[in-house]
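A.B. asks: show me how the following folds:
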Amino acid sequence: MKKIVAVIPARYKSTRFEGKPLALIMGKPMIKHVYEGVIKSELLSDVIIATEDRRIYDVCRDFGANAVMTKDTHQTGTDRIIEAVSGIDADIVLNVQGDEPLVNSEIIESLIKPFNESGDISYTSVKTPIYSYEEFIDPNNVKVIVDKNNFGIYFSRSPIPYDREKALALKDFKGIFGYKHLGFYGYTKEFLMEFGKTEMSYLEKKEMLEQLRAIENGHKIKVETVNISTIPVDVPDDIKKVENFILKSYNN
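C.D. replies: A predicted model of the protein is given here:
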C-alpha cells in the first residue's frame, strides 16, 4: 500500500494578492476550502499545509489541519513542499496549490491513478476540456497538448494546438478548442527530491511554467482528464467568481 501525502503550499506574501490564503470565501478562509476539498479523498495518508507565515499556520491549526512552518525564502510552492516532506515517510507526494478552493476528490484521485497503474510513472497532472474561445486565448489559462498515451508534449500560455484550418473562424467554433492544464501535480517522492535540485530551464523561464523543466530534462508527465474546471484565486476579483460558482452549484 503506497503512502500518499498531499501538501498544500500556502504563501502569505503573494505579489498580486497579499494574504490570499486567509481571504474569506462564503465567510470561510480560502485555505480551509482547499483543505476540506482535499481531505474528502480516502486515498490519502496525510494532508499537510506548508506555510511561511505564522498567521496562516495559526488559522490552519485552529481548524484542525496538520500545518508546518517553512522558510520564507522559497521561490516556488514546489520548493516549499520539498522542505515539508523531506523528513517524512511517503511514496507519493501531491502538490495542491493553496489558491485552488474548488479542488475536489476527482482531481486528487486522478493524480493518484497513474501511479497505481504503472510502476514507471514519476510525475502526474490533470487537464480539462476548453469549450470557450476566450478561455482558449487567455494567457492566464495554461494549455497542454499530450501524446496518444496522455503524456504531456508541451504546456503553454499560448493557444495550442494551432488549428490552421479553422484559425480564422475559431470565434464561431463549437466544440473542444483544446485542453486547459490545471495546476495540480503528483510525484514520487524520489523524483520530487531530485527535481528540486534541477536548475530552471530555458522554456520554463520563457513561459514561467515549472513543469517545462521536467520535459526539457527528458522526464514524462502523465496528464489525466477531469470533468471539472477550477477557478484559481490570483487577484481579489477572483473571490467573487468562486463565490458565484459555489452559489450556482448550490442552486442546481
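
A.B. asks: look up phi and psi at Tyr12.
C.D. replies: phi -80, psi -40 (degrees, to the nearest 10).

A.B. asks: ok, it - contacts?
C.D. replies: Shown in contact with Tyr12 (Cβ atoms under 8 Å, 6 or more residues apart in numbering): 18-19, 21-22, 51-53, 55-56. Just so you know, the C-beta spots here come from the backbone N, C-alpha and C atoms, and that holds for glycine as well.

A.B. asks: of those residues, which is the nearest to Val85?
C.D. replies: Thr51 (14.3 Å; Cβ to Cβ).

A.B. asks: quickly list what that closest one is bridged to.
C.D. replies: Ala10, Met69 (DSSP bridges).

A.B. asks: circling back: wait, which of the contacts of Tyr12 is closest to Ser41?
C.D. replies: Set against Ser41, the nearest of the contacts of Tyr12 by Cβ to Cβ is Pro21 (20.4 Å).

A.B. asks: please, where are all the helices along the stretch 51-200 of the chain?
C.D. replies: 54-62, 77-85, 105-117, 133-137, 189-195 (DSSP state H, counting those that start in this stretch).

A.B. asks: in the third one, which residues are buried?
C.D. replies: Of the residues in helix 105-117, those with enough neighbours to count as buried (16 or more other Cβ atoms under 10 Å) are 107-115.

A.B. asks: for Ala10, give me its contacts.
C.D. replies: 21, 31, 34, 49-51, 53, 56, 60, 98.
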